[in-house]
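Sharing a model prediction with you, sequence too.
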Amino acid sequence: MTDRYLSVDQVAELLGTTARFPRRLIEERRIRYVKVGRHVRIPESAVNEYIGARTVEPIRLRRTGRTGVRRAA
């Protein structure tokens, strides 16, 4: 068990948001968390999974014959 457990404030700082956002993720059960007494801790791996699941990869533009580069949208 080498996972670090982060407070709501630490997760908010890591994500660059206010503490309200991780609290909402917890309330809506969109992220794993651990209750330690009355404290809530979020495993660092859960934050990484959350970020990874919502990462949008860029599309690769392919050249088409005459018109040059094909554009998205």
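Now that the structure is in, tell me what you want to look at.

In this protein, where's the longest helix?
helix 44-53 (DSSP state H).

could you point out which element follows it?
Next along the chain after helix 44-53, taking DSSP states H and E as the criterion, comes strand 63-64.

ok, Val11 touching Ile42?
Yes: assessed by C-beta atoms under 8 Å, Val11 is found in contact with Ile42 at 5.2 Å. C-beta: built from backbone N, CA, C; applies to glycine.

any common contacting residues for those two?
Common contacts of Val11 and Ile42 (C-beta atoms under 8 Å, 6 or more residues apart in numbering): Pro22.

For the chain, name the helix or strand with the lowest mean pLDDT.
Within the chain, confidence by mean pLDDT, DSSP states H and E is lowest for strand 68-69 among all helices and strands, at a mean of 58.

host element of the closest residue to Ala19 other than its chain neighbours?
Leaving aside its sequence neighbours, Ala19 sits nearest to Ala12 (C-beta to C-beta, 6 or more residues apart in numbering; 4.5 Å). Assessed by DSSP H and E, Ala12 sits inside helix 8-15.

Buried residues, the helix or strand just after that helix. List them.
Remark: after helix 8-15, the chain's next helix or strand is helix 20-27, criterion DSSP H and E. Residues of helix 20-27 classed as buried by neighbour count (16 or more other C-beta atoms under 10 Å): 22, 25-26.
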